[in-house]
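> Here you go, sequence then predicted model.
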Amino acid sequence: MSCFAIVTNMIYGLTCQSEMLKEIDKKKYSFQKMTRKRFLQLKKEHDKSFALKELSERIMHNLRVMQYLVRHCSEQNIGHYRVSSALFPLVTDPSLNIKYTDLPNHKGLDNHLSFIGEIAQKFNISMGSHPDQFNVLASTNRDSVEKTIQELNFQASVLDKLGLPQDHTAPMNIHINYTPKMDESLELVATRFFRNLSMCDKGVYKRLTIENEDKGFFNVDNCIKLSEYLFETFGANIPVCYDNLHDFCNPSEDRNVTFQAERCAYTWINQGEGENTFLAPVFHWSEGKPEKPRSHAEYYALGNQPPHIAIDPDQEAIWECEVKGKDKAIKLLMEQSL
């Protein structure tokens, strides 16, 4: 099965925040949150405009942090950055009915996102996102699906404002997060997934990927089966993002990491006119705590490095590092490979 080229440079991805920068100045380099309770309190004590202004200022702070993070990736030879879902707190909370254009500085936010995208392009930093696990396109609960569509559409709009392409070079990765009932086939679940995906904006449809899960039905085998069914039945190209820790906790029959990663890499097909090509897959590399395998460890054990996966030298797999040490752990991985 394997026809992968030998490559020399591993491409790592930083997930959301930098532990190295937070050691320098935690307040400056950390994202700011706002709870629903705090927003309503500000609205009650002042008015909605005041609450929106406070929320907007926190979002602008978050974009400044993201700008630092993208530059930091370039300085540390980290080739990929996962955009944080924490950039825009409360904006998609349906109970608050906040529209993005309600934010008093939304045009300034747009400009800053565009500027960040230009920086990333200048330094050849690819980007993607990983919306939270409550996003469930395969659910039978209509309310949950509608909230998912709203959230995914907003997350895709952020990638659009960054100037990222509407394809899998800027992936939006989600979990299926659904276990078929006794009377449900994988094909039925896949059809419902596709029907709900088709209600999303083009920016979601063209970027979406699915990830093997640490428990439940959707291990690597069943994610690939779902991906293949969507492609063969609907022409929908939904690649599989391989997660090694999830594969360890919820394995398929063959437990070889390289083999399973290669299988997933073959789903990253770029359908164009004429001959199809393959894109560089974006995968997850992590390690569990010895006493709690599903929880991310602080760092990788010595020698625990991801395999090189590439169909050709220009399409080396990108490994987003999910241990808690983040860029500090990436630095150690780089030093080990010297």
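Perfect, thanks for sending it.
> center of the protein - which residue?
Central residue of the chain (C-alpha atoms, centre = their mean): H130, 2.3 Å from the mean position.
> Now do the contacts for that residue.
Neighbouring residues of H130 by C-beta atoms under 8 Å, 6 or more residues apart in numbering: 15, 82, 85, 172-174. For every residue, glycine as well, the C-beta is placed using N, CA and C.
> My read is that I98 contacts L52, right?
Yes. Contact criterion C-beta atoms under 8 Å: I98 and L52 qualify, at 7.3 Å.
> and K147, how many residues sit next to it?
Using other C-beta atoms under 10 Å, K147 is surrounded by 18 other residues.
> And for stretch 174-188, what's in contact with it?
Stretch 174-188 has contacts (C-beta under 8 Å, 6+ apart) with 130-131, 133-139, 152, 189, 193, 208-211, 213, 216-218, 222-223, 225-226, 229, 233.
> mind running it again at 7 Å?
By C-beta atoms under 7 Å, 6 or more residues apart in numbering, the residues outside stretch 174-188 that reach it are 131, 133, 135-136, 138-139, 189, 208, 210-211, 213, 216-218, 222, 225-226, 229.
> With stretch 329-337 instead?
The set of residues external to stretch 329-337 that reach it, using C-beta under 7 Å, 6+ apart, is 10, 12, 14, 76, 78, 299-300, 305, 321, 323.
> Also stretch 224-233?
In contact with stretch 224-233 (C-beta under 7 Å, 6+ apart) are residues 186-187, 190, 194, 210, 236-240, 263-264, 267.
> where does R82 fall, phi/psi-wise?
Here is the backbone geometry of R82 (degrees, to the nearest 10): phi -90, psi 120.
> Okay, it and V145: tell me how far apart.
R82 sits at a distance of 24 Å from V145 (criterion: C-beta to C-beta, to the nearest Å).
> who's more crowded, those two?
Taking neighbours as other C-beta under 10 Å, R82 and V145 compare with R82 leading, 23 against 20.
> Leaving out the residues flanking it, which one is nearest to the more buried one?
T15 (4.5 Å; C-beta to C-beta, 6 or more residues apart in numbering).
> where exactly do the strands run in the stretch 101-250 of the chain?
With DSSP state E, counting those that start in this stretch as the criterion, the stretch 101-250 of the chain has strands at 126-129, 172-175, 208-211, 240-241.
> In the sheet, which strands lie alongside the shortest one, parallel or antiparallel?
Just to be clear, that refers to strand 240-241. When pairing is defined by DSSP bridges, strand 240-241 lines up against strand 208-211 (parallel).
> How many residues are close by E335?
The number of residues packed near E335 is 8, by other C-beta under 10 Å.
> contacting residues for D243?
Residues near D243 by C-beta under 7 Å, 6+ apart: 211-212, 284.
> between those residues, which has the most around it?
Neighbour counts for the contacts of D243, by other C-beta under 10 Å, peak at N212, which reaches 28 neighbours.
> and that one, what does it touch?
With contacts defined as C-beta under 7 Å, 6+ apart, the neighbours of N212 are 218-220, 223, 240, 242-243, 246-247.
> Equivalent analysis for E211, please.
E211 sits next to 173, 175, 241, 243 when contact means C-beta under 7 Å, 6+ apart.
> returning to that earlier point: and the contacts of stretch 329-337, which are buried?
10, 12, 14, 76, 78, 299-300, 321, 323 (16 or more other C-beta atoms under 10 Å).
> still on that earlier bit, neighbour-wise, give me the winner out of the contacts of H130.
I174 leads these on contacts (other C-beta under 10 Å) with 28 neighbours.
> ok, now which ones touch A297?
A297 makes contact with 287-289, 323, according to C-beta under 7 Å, 6+ apart.
> still on that earlier bit, so which of the strands of the stretch 101-250 of the chain is the most packed in?
When the strands of the stretch 101-250 of the chain are scored by mean count of other C-beta atoms under 10 Å, the highest mean neighbour count falls to strand 240-241 (a mean of 27).
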